[in-house]
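1. Got a sequence here, can you model it:
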Amino acid sequence: MSIKDIFLKILGIILIIIGLFALITPFTPGSFLALIGLVMVLGAHSKLRKLIKIVIEELKRDREIKKRKK
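-> Prediction:
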């Protein structure tokens, strides 16, 4: 396990703790940090990045199609 992997795991755990704290306290908009931390701990951040790129490309393509129809 490299130092980068260890750092990402620690950062992920910290984000989970902050996100859970934000969920309990009035800082509710910050609770998404728990999900980001969970993704980091599970190591799925590269898959998530690919999924986000695909969704953005699809949205751009849909906008272009709608503009052409007008």
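
2. Quick one: name whatever helix or strand follows the helix-or-strand element of the chain with minimal mean pLDDT.
-> None of the helices or strands of the chain scores lower by mean pLDDT, DSSP states H and E than helix 32-42, at a mean of 70. Following helix 32-42 in sequence order, the next helix or strand is helix 45-69 (DSSP states H and E).

3. show me where pLDDT drops low in the protein?
-> Per-residue confidence of the chain (counting by pLDDT under 70) places the weak regions at 26-34, 40, 43-48, 70.

4. Could you state which residue of it sits nearest its centroid?
-> I36 (4.6 Å; CA atoms, centre = their mean).

5. Just want to check the distance between it and K69.
-> Taking CB to CB, to the nearest Å as the measure, I36 falls 37 Å from K69. (Glycine included, C-beta is placed from N, CA and C.)

6. repeat for I6
-> To K69, I6 is 51 Å away according to CB to CB.

7. of the two, who's got more company?
-> I6 (10 against 6; other CB atoms under 10 Å).

8. Can you tell me the element that one falls in?
-> With elements delineated by DSSP H and E, I6 resides in helix 3-24, which encompasses its position.

9. tell me which residues of that helix are tucked away?
-> When burial is assessed from 16 or more other CB atoms under 10 Å, helix 3-24 yields the following buried residues: L8, K9, G12, L15, I16, I18, G19, A22.
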